[in-house]
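Colleague: need coordinates for the below:
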Amino acid sequence: MKPKTKLIHGGIVGDPHTGAVSTPIYQVSTYKQEGVGQHKGFEYSRTGNPTRHALEELIKDVEGGQAGFAFASGMAAITAVVMMFQKGDHLVLTDDVYGGTYRVLTKVLNKFGIEHTFVDTSDLTQIETAIQSNTVAVYLETPTNPLLKVTDIEATVQIAKHHNLLTIVDNTFSTPYWQTPLAFGADIVLHSATKYLGGHSDVVAGLVVVATDQLAEDLHFVQNSTGGILGPQDSWLLMRGMKTLGIRMEEHEANTKKLVEFLVNHPQVSKVFYPGLPEHPNHAIAKKQGTGFGGMVSFDVGSEEAADRLVKQTKFFTLAESLGAVESLISIPAKMTHASIPADRRGELGITDGLVRISVGLEDAEDLIADLQQALEA
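Modeller: Predicted coordinates for the structure are as follows:
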């Protein structure tokens, strides 16, 4: 199946018991058993729920993996994946990573003895250098949040396999419509499904897809043991959102290209970060491993004061956390999504106080450009 068809016909379609076209919301906690241990595939909804299972089968098919898992948030998904490792294990991670990922690794999971090193994974030599005797996985975010750096997934997988490591990829920005990391040999792919997969600012969720039966067994054990599952109502909302992912991603990107052209030529914008630009240092890699460049753009207006004035003036860009929705969103990473990263560390990464991140929505591109124009002039 082609991607758009798979988004609608992948996984479990409808309800065989009633003929309902849409998978029902099974708002249930437990299930009748015919005898001790004799159930119909479901026994307790923390372990498995029909609506959640339909979602998990859908993301498995769309990403091309062996098994899918749905969690209560993207951070719950990331935490569950890391909890598959042991005390003393070491991870190599992308440095320009989402602030919540940085926080959970440096402030929470480090207390359980999970070690980490952050490097610029777009530079493969830095990955090689960071690998230690106790390293168990390389964790990529590509494109990154908020600087849109791109890591070569296939090349990273080759390095990881040489050292007998797992490769984990956060695919939130690209989505499986533009990029499928498992096809390049990655072992685990995860999403903050709150973003593009849901797409309507109405659900918080996380999804994980694994490439092998063993990883599926290990992650299900963590999911069932810790219980950070997605509820049936949110599972249904997420499936509904994913049906239109293809057409949304195409429109997001079409709008984004027009806005990028405007920003690149605006005198008050000192730099634009977008992998679709030919001058982006990772443009060739982004083009090689994806079929699109996405709807996220960051740009620098030079100072904290200028950024503050800009976001206060926009009308069609809503000042808010998150991304990937039908409405356009705007944020200042240093004060919002990446505020949990210390200021000196943000400076090292290039996340300046004047950096603005936009998630381009589905409004008319001319309206969005006019909105940015008047805000920049203000």
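
Colleague: quick one, helices of the stretch 1-150 of the chain?
Modeller: Here the stretch 1-150 of the chain has its helices, by DSSP state H, counting those that start in this stretch, at 3-9, 50-63, 74-82, 99-103, 124-130.

Colleague: could you export the fourth one as PDB, CA atoms only?
Modeller: Taking only C-alpha atoms (Å, rounded to 0.1, in the frame of the first residue of the first chain), the coordinates of helix 99-103 have been written out as PDB:
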ATOM      1  CA  GLY A  99      14.100  19.800  26.400                       C
ATOM      2  CA  GLY A 100      11.900  17.200  28.000                       C
ATOM      3  CA  THR A 101      14.100  14.400  26.800                       C
ATOM      4  CA  TYR A 102      17.200  16.300  28.200                       C
ATOM      5  CA  ARG A 103      15.400  16.800  31.500                       C
END
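
Colleague: for that helix, packing partners?
Modeller: helix 74-82 (3 or more Cβ pairs under 8 Å, 6 or more residues apart in numbering; DSSP states H and E). From N, CA and C alone the C-beta is placed, and that goes for glycine too.

Colleague: mind checking the longest strand of the protein?
Modeller: strand 135-141 (DSSP state E).

Colleague: follow-up on the earlier one: worst mean pLDDT among the helices of the stretch 1-150 of the chain?
Modeller: When the helices of the stretch 1-150 of the chain are compared on mean pLDDT, helix 99-103 scores lowest, with a mean of 92.

Colleague: contacting residues around that helix?
Modeller: With contact meaning Cβ atoms under 8 Å, 6 or more residues apart in numbering, helix 99-103 is reached by 74-75, 78, 93, 118, 141, 170, 333, 337-341.

Colleague: out of those, which is most surrounded?
Modeller: Counting neighbours by other Cβ atoms under 10 Å, the top entry in the contacts of helix 99-103 is D170, with 28 neighbours.

Colleague: quick one: buried residues of the helix-or-strand element of the chain with minimal mean pLDDT?
Modeller: Scoring the helices and strands of the chain by mean pLDDT, DSSP states H and E places helix 343-349 at the bottom, with a mean of 88. Under the neighbour-count criterion of 16 or more other Cβ atoms under 10 Å, helix 343-349 has R346, L349 buried.

Colleague: report all helices and strands that that helix contacts.
Modeller: If contacts are counted by 3+ Cβ pairs under 8 Å, 6+ apart, helix 343-349 sits against no helix or strand.

Colleague: recalculate using a threshold of 10 Å.
Modeller: helix 99-103, strand 115-119 (3 or more Cβ pairs under 10 Å, 6 or more residues apart in numbering; DSSP states H and E).

Colleague: most packed of those?
Modeller: helix 99-103 (a mean of 20; mean count of other Cβ atoms under 10 Å).

Colleague: and the residue nearest to G199 when sequence neighbours are not counted, what element?
Modeller: Spatial nearest neighbour of G199, excluding adjacent residues (Cβ to Cβ, 6 or more residues apart in numbering): G241 at 4.5 Å. Secondary structure assigned from DSSP states H and E places G241 in helix 232-242.

Colleague: may I see the buried residues of that helix?
Modeller: By neighbour count with 16+ other Cβ under 10 Å, helix 232-242 contains the buried residues P232, D234, S235, W236, L237, L238, M239, R240, G241, M242.

Colleague: could you dump the contacts of helix 99-103 into JSON lines and include distance to K149?
Modeller: Output for these, formatted as JSON lines (distance: Cβ to Cβ, whole Å):
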{"residue": "G74", "distance to K149": "19"}
{"residue": "M75", "distance to K149": "21"}
{"residue": "I78", "distance to K149": "19"}
{"residue": "L93", "distance to K149": "13"}
{"residue": "F118", "distance to K149": "13"}
{"residue": "E141", "distance to K149": "9"}
{"residue": "D170", "distance to K149": "13"}
{"residue": "P333", "distance to K149": "14"}
{"residue": "T337", "distance to K149": "16"}
{"residue": "H338", "distance to K149": "14"}
{"residue": "A339", "distance to K149": "20"}
{"residue": "S340", "distance to K149": "19"}
{"residue": "I341", "distance to K149": "15"}
